[in-house]
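# Model the following, please.
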Amino acid sequence: MTKILVDGVEVDVPPELTLLQACEAAGAEIPRFCYHERLSIAGNCRMCLIEVKVGGKSGPKPVASCAQQVKDLPPPRDNVLNELVTKSAIVDKARKGVMEFLLINHPLDCPICDQGGECDLQDQSVAYGRGGSRFDENKRAVEEKFMGPLVKTVMTRCIQCTRCIRFVTEVAGVSELGATGRGEDMEVTTYLEAALTSELSANVIDLCPVGALTSKPYAFNARPWELTKTETVDVMDALGSNIRVDARGDAVLRVLPRVNEEINEEWISDKTRYAEDGLSRQRLDRPFIRENGKLRAATWGEALEATAKALSGDPKRIGAIAGDLACAESMKATLDLFRALGSPNTDCRADGAAIGGGAREGYIFNSTIAGIDEADVILLIGTHPRLEAPVLNARIRKAWLRGAEIAFIGEAADLTYPYAHLGESLADVKDRAATVDKLKTAQKPMIIVGAGALTRSDSAAVLHSIGALVASASVVRDGWNGFNVLHTAAARVGGLDLGFLPGAGGKSAREMLAGGLDTLLLLGVDEVELPHAGTVIYIGTHGDAGAHRADIILPSAAYTEKDATWVNTEGRVQYGRRATFPKGDAKEDWTILRALSGVMGKTLPYDTLGALRAKMIADHPTFGQVDYAPGAVGAAAFDPTALGAAGEISGAPLRSPVTDFYLTNPIARASKTMAECSRLKAGAMKVAAE
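Numbering: from 1, shown residues only. Now for the predicted structure:
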């Protein structure tokens, strides 16, 4: 620690802090445009100028506080601590001069700029701007750039802070933005006027401190003060990113990230941000019953009576499958109802994943997402994290930048960082001993297993082999559990925690989907091939595959339309909150099941959300540990050799089930924006292949 003075106040700060961070640690506010805590130092804007006094004497000129560290200060002189001055006349004049230069060419279009009301330049110009301009020459103008369907550009507003360039290069790992020209002729642009292809590209909108980069789908839709802001969690993948949903009336207009250092830092994927228009398209807003081969609108009473009749047969010939977007409350109500009916046929693994039923450590991300920052050797098996969880992939890239070694078993892919490709399947790994040695000698080794290894016909054998590797390489050790499962479905860990699995003698999801049941209830299942025979009851939000096949449709609430519980891939319980109300006559899933239980004479023992959550916590205590990731707790008792079952492993490549990042669920498939992104990405891949 180093003692310095900040505006006359003595503080003790780590020497590796920048002067800007040291000032803010002391409570001083430092304006900035180019500086960002998660990006490299550029020192472009010079807005963060401060005075540095050594021995009580000021230096020759103000310095950029972002570009110098505390340890770079000269030793104190004459027993006087070095002082950082942020509020002197010299500093004020210097900042006003910088602001005047920044505003010389900036257009006066705040009334029509989507950044208005949330603009750093507006905020700082209030403190440091002049009442008029002394610039008489012609103003600079810049042509707009094409950056794809997500990012709208007005590059005349650009102040060349280069935040967007540094983010795309350093965090996203796709070098698609750069600068051409020098001085007044400098322009930020994409290479060859191509669209940004990163799954994290739209984060540049949040980073841009002016209105040069704004949201194209949101353009001219609303002002920030018109919106109702709701803090909730994302369900587009299993990461559980913390988000803020901004709505006006019954329409969700935009989704923004919230800072959570342990999960998503301050980034979200483009799908999380822009699938929101799918919430208002192709929605199910009333019950339907199929008669004479056609669906007709029905009342809730008719639909519940028909559902009760369909489920009143032999309990062994009815079943329920939970989909990827099902909340914990809906799965709990479904499980309680089917057990009350005597049916053992329940499963939350619609994709047939061979996981769950044992120790919790066998199906969660034990190292925690933040633990990636500590890992020094990372082995990816059967996962494509860039498509399955782009924000987590950015964290793996950050670990690689820090020096971590990355190895990969599976079908080769561009993950935005280099890796050692050990083979396409576990059967292809030639030097297994070297892999074991590398993991064993690492300080904090990490193995990440994806859906590509868990949804095959031989997945039990694959998982058993991975468990043997974990044991032989001592990946699970005192204070560290390096065995991690990266799920693709937001509902999966919650379902496994609830025990939403086949009961004694019950059928798995694959067996139920193969046919043989009289009635199958689908809780938002759309991503699998559905049976042609039997009665299908669909509880969901969109007219997707499940609704097309269904004989009875019960419309439910989307994730932004209900208070619900979600458990992310690391086992962290989080609460989602309602931003808007369900569409039309749609109801929250658990209330539908509660009403159905009453019609069937098997009334569930809860009438309110609070009572349901209390029952859920009583039956499954992990749901009471809100916002807690277990990490290495219980690592000593976890036996990785018990995972899966011994058997023969196929030589087929471990291939991720996520082939189109933008169209993985009903909400995304209903989104026009996601459809356009998918089209452009497919076109770019075709051009690259040719």
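# Contact partners for the closest residue to residue 115 other than its chain neighbours?
Nearest residue to residue 115, sequence neighbours excluded (CB to CB, 6 or more residues apart in numbering): residue 211, at 3.5 Å. (C-beta placed from N, C-alpha, C; glycine too.) Residues near residue 211 by CB atoms under 8 Å, 6 or more residues apart in numbering: 109, 113, 114, 115, 116, 119, 154, 157.
# And residue 27, by the same measure?
6, 9.
# Assign it to one of the three secondary structure states.
coil (DSSP: H, G, I helix; E, B strand; the rest coil).
# Whichever strand or helix holds residue 397 - what's its average pLDDT?
In this assignment (DSSP states H and E), residue 397 forms part of helix 390-402. Here helix 390-402 scores 97 as its mean pLDDT.
# Would you pull up how far it lies from the middle of the chain?
13 Å (CA atoms, centre = their mean, to the nearest Å).
# What are the buried residues along it?
390, 391, 392, 393, 394, 395, 396, 397, 398, 399, 400 (16 or more other CB atoms under 10 Å).
# Which helix or strand lies directly C-terminal to that helix?
strand 405-409.
# just checking, what packs against that next one?
strand 377-381, helix 390-402, strand 420-423, helix 432-441 (3 or more CB pairs under 8 Å, 6 or more residues apart in numbering; DSSP states H and E).
# Output these as JSON lines; include the columns distance to residue 6.
Converted to JSON lines, those look like this (distance: least, CB to CB, whole Å):
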{"stretch": "strand 377-381", "distance to residue 6": "40"}
{"stretch": "helix 390-402", "distance to residue 6": "30"}
{"stretch": "strand 420-423", "distance to residue 6": "47"}
{"stretch": "helix 432-441", "distance to residue 6": "44"}
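# just so I know, which of those lies nearest residue 42?
Of all the helices and strands packed on strand 405-409, helix 390-402 sits nearest to residue 42, with 16.9 Å by CB to CB.
# ok, and what's touching the closest one?
Contacts of helix 390-402 (CB under 8 Å, 6+ apart): 170-173, 198-200, 237, 239, 241, 264-265, 267-270, 369, 372-373, 375, 378, 380, 385-386, 406, 415-418, 486, 661.
# Let's see which of these end up in strands.
With DSSP state E as the criterion, strands contain 378, 380, 406 from among those.
# Give me the distance between the residue of the chain positioned farthest from its centre and residue 4.
The outermost residue of the chain relative to its centre, with distances by CA atoms, centre = their mean, is residue 78 at 52.9 Å. Separation of residue 78 from residue 4 (CB to CB, to the nearest Å) stands at 15 Å.
# which SS class is the residue nearest to residue 115?
Reduced to three states by three-state DSSP, residue 211 is coil.
# Can you verify residue 555 is assigned to a helix?
No: secondary structure of residue 555 (three-state DSSP): strand, not part of a helix.
# check contacts around it.
Residue 555 neighbours (CB under 8 Å, 6+ apart): 283-287, 540-541, 582-587.
# ok, it to residue 285 distance?
Distance from residue 555 to residue 285, by CB to CB: 6 Å.
# Burial check on residue 513, number of neighbours?
22 (other CB atoms under 10 Å).
# got a list of what it touches?
With CB under 8 Å, 6+ apart, residue 513 has these contacts: 321, 350, 520, 528, 529, 530, 531.
# Then residue 202?
Residue 202 neighbours (CB under 8 Å, 6+ apart): 150, 151, 215, 270, 273, 274.
# Next: residue 315.
Contacts of residue 315 by CB under 8 Å, 6+ apart are 341, 342, 343, 344.
# Please name the nearest non-neighbouring residue to the third one.
In other words, residue 343. residue 315 (4.3 Å).
# which regions of the chain lie under the pLDDT threshold?
686-690 (pLDDT under 70).
# contacting residues around the residue most central in space within the chain?
In the chain, the centroid-proximal residue (CA atoms, centre = their mean) is residue 241; its distance is 4.1 Å. If a contact means CB under 8 Å, 6+ apart, then residue 241 has 233, 234, 257, 260, 263, 264, 267, 268, 269, 272, 391 as its contacts.
# same thing but at 6 Å, please
By CB atoms under 6 Å, 6 or more residues apart in numbering, residue 241 lies in contact with 234, 264, 268, 272.
# again with residue 649
426, 427, 458, 461, 462.
# cutoff 10 Å now
425, 426, 427, 456, 458, 459, 460, 461, 462, 464, 465 (CB atoms under 10 Å, 6 or more residues apart in numbering).
# now do residue 572
Taking CB under 10 Å, 6+ apart as the test, what residue 572 contacts is 233, 239-240, 260, 262-263, 364-365, 368-369, 493, 566, 625-630.
# filter those residues to the buried ones?
For those, a burial check counting by 16+ other CB under 10 Å picks out 233, 239-240, 260, 263, 364-365, 368-369, 493, 566, 629-630.
# if we can go back for a sec, show me the contacts of residue 572 that map onto strands.
233, 566.
# Next, the buried residues of stretch 234-253.
Those buried within stretch 234-253 under the rule 16+ other CB under 10 Å are 234-247, 252-253.
# quick one, strands of the stretch 101-250 of the chain?
151-153, 177-180, 187-190, 213-215, 228-233, 242-248 (DSSP state E, counting those that start in this stretch).
# What segments of the stretch 1-150 of the chain are helices?
Secondary structure of the stretch 1-150 of the chain (DSSP state H, counting those that start in this stretch): helices at 19-25, 89-104, 120-128.
# Out of these, which gets nearest to residue 434?
Per CB to CB, nearest to residue 434 of the helices of the stretch 1-150 of the chain: helix 19-25, 41.9 Å.
# who wins for neighbours among the ones in strands among the contacts of helix 390-402?
Of those, with other CB under 10 Å as the count, residue 380 tops at 28 neighbours.
# separation between that residue and residue 452?
10 Å.
# before we move on, back to that, can you select the buried ones among the contacts of helix 390-402 for me in PyMOL?
Listed next is the PyMOL selection for buried residues among those, using 16+ other CB under 10 Å:
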select buried, resi 170+171+172+173+198+199+200+237+239+241+264+265+267+268+269+270+369+372+373+375+378+380+385+386+406+415+416+417+486+661
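# Next, format the helices of the stretch 1-150 of the chain as CSV and append distance to residue 191.
Shown next, in CSV, are the helices of the stretch 1-150 of the chain (distance: least, CB to CB, whole Å):
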stretch, distance to residue 191
helix 19-25, 32
helix 89-104, 26
helix 120-128, 27
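# I'd like the ones you listed as TSV, with mean neighbour count and distance to residue 70 appended.
Output for the helices of the stretch 1-150 of the chain, formatted as TSV (neighbours: other CB atoms under 10 Å; distance: least, CB to CB, whole Å):
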stretch	mean neighbour count	distance to residue 70
helix 19-25	22	5
helix 89-104	16	18
helix 120-128	16	24
